[in-house]
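>>> 3D model of this:
(4 chains)
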2 protein chains.
Amino acid sequence: MNSWIQQLRKGLAEFFVLSVLEKEDLHGYAVLQVLSKLETMALTESAVYPLLARLRNGGYIACRSEKSASGPPRRIYTLTIEGKLRLRQMREYWAELGLDLKRIQGKQREKDGN
Amino acid sequence: MNSWIQQLRKGLAEFFVLSVLEKEDLHGYAVLQVLSKLETMALTESAVYPLLARLRNGGYIACRSEKSASGPPRRIYTLTIEGKLRLRQMREYWAELGLDLKRIQGKQREKDGN
DNA sequence: ATGTAGTATATCGCTATGTGTAGTACCAGT
DNA sequence: ACTGGTACTACACATAGCGATATACTACAT
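Residues are numbered from 1 along each chain as shown, chains lettered A, B, ... in the order given. The predicted structure follows:
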């Protein structure tokens, strides 16, 4: 089960991070804390930071540096136009996925032949 | 986007295959055909067959051989008790995932800064 | 000044898994 | 014999989460 969840997070992590950043501009450590409060998507640093770097390289988020009073400087990330588009596409895919899942679950083993 | 979908399938594939097998006992090739009709989860042979082997090694599905009139003998797979349990756990996790997703999307950026 | 703790980011090796490609084998129709 | 559909297997490759580790800045206690 644990391994399944780990595999499921591949890809889902991106969806969640973009969703979090849509709501609010945040730095990596803050994203980490938001996600760690969720039962289902408690990612670790070694997932979040590389993911943010990938999203940035892909042009889906932009970042600015900001000094912190409580530690080293932060990198605040914001969704770009492309990031918003991507997030919209992800939501569409997600909705389709739910439909397809219901589609194959829908015709449950009935008492008819087939 | 395509790469994202590929990553998303890691883990999701298992969920879909178990769901298909819950509905009906099927052989690998038939599972492949069912999934290939879905927009979102059109897996290839090189994903489905190893996945079935893994699920079988894990004790989540059992298989029996059956002669086919249209080709080589088939391996018909059935969900075991453990498989059904796992599927139930997956559904719970899936539901939780949906809630968590709504949770972080819920407090959307209000109509302030925009 | 040294140590500890929390904040903040980055990197390495490991592992699991979907994909592309190719191969094997069985059957039917031409 | 050839072609095409059925049914399954195997291998190299790329992706990405995870544990462990490293670095560095700040604050506070010893």
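>>> what angle separates the helix or strand that residue A:14 is a member of from helix B:2-23?
Here residue A:14, judged by DSSP states H and E, is contained in helix A:2-23. Per axes from the mean of the first three to the mean of the last three CA atoms, to 10 degrees, the angle that helix A:2-23 makes with helix B:2-23 is 130 degrees.
>>> quick one: helix A:2-23 near DNA strand D?
Yes: with CB under 7 Å from any atom of the strand as the criterion, DNA strand D is reached by helix A:2-23 at A:6, A:9-11, A:13-14. Using the backbone N, CA and C atoms, a C-beta is placed for each residue, glycine as well.
>>> Can whatever helix or strand residue A:88 lives in be said to contact chain B?
For residue A:88, the element it lies in under DSSP H and E is helix A:81-106. Yes: applying CB under 8 Å from any CB of the partner chain, one finds helix A:81-106 in contact with chain B at A:86, A:89-90, A:93, A:96-97, A:100-101, A:103-105.
>>> TSV please, covering these and showing neighbour count and pLDDT.
As requested, these are exported to TSV (neighbours: other CB atoms under 10 Å in any protein chain shown; pLDDT from 0 to 100):
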residue	neighbour count	pLDDT
A:86	22	97
A:89	13	96
A:90	21	97
A:93	17	97
A:96	14	96
A:97	19	96
A:100	19	96
A:101	19	95
A:103	15	93
A:104	21	93
A:105	15	87
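>>> and the angle from the helix or strand harbouring residue A:52 to helix B:2-23?
Element membership for residue A:52, per DSSP H and E: helix A:45-57. Relative orientation of helix A:45-57 versus helix B:2-23 (the same axes, to 10 degrees): 130 degrees.
>>> What lies in contact with helix A:45-57?
Contact with helix A:45-57 is made by A:9, A:13-14, A:17-18, A:28, A:31-32, A:35, A:43, A:61-63, A:75, A:77, A:83, as judged by CB atoms under 8 Å, 6 or more residues apart in numbering or on different chains.
>>> how about residue A:64, phi and psi?
Taking degrees, to the nearest 10, you get phi -130, psi 150 for the backbone angles of residue A:64.
>>> same deal with residue A:77?
Reported as degrees, to the nearest 10, the phi and psi values for residue A:77 are phi -110, psi 140.
>>> what do you get for the one 3 residues further on?
Residue A:80 has phi and psi values of phi -90, psi 180 when expressed as degrees, to the nearest 10.
>>> Name all residues that make contact with residue A:6.
Counting by CB under 8 Å, 6+ apart, residue A:6 touches residue B:11.
>>> Report pLDDT for it.
Per-residue confidence at residue A:6 stands at 96 (pLDDT).
>>> try residue A:65
96.
>>> quick one: residue A:68 is in a strand?
No: using DSSP: H, G, I helix; E, B strand; the rest coil, the assignment for residue A:68 is coil, not a strand.
>>> That one touches residue A:74, doesn't it?
Yes: contact criterion CB atoms under 8 Å: residue A:68 and residue A:74 qualify, at 5.1 Å.
>>> Those two - which one has more neighbours?
Using other CB atoms under 10 Å in any protein chain shown, the more surrounded residue of residue A:68 and residue A:74 is residue A:74, with 18 against 11.
>>> Show me what the more buried one is bridged to.
residue A:66 (DSSP bridges).
>>> Quickly note the distance from the residue of chain A found nearest DNA strand D to residue A:52.
Proximity to DNA strand D, evaluated over chain A using CB to the nearest atom of the strand, is greatest for residue A:46 at 2.8 Å. Distance from residue A:46 to residue A:52, counting by CB to CB, to the nearest Å: 12 Å.
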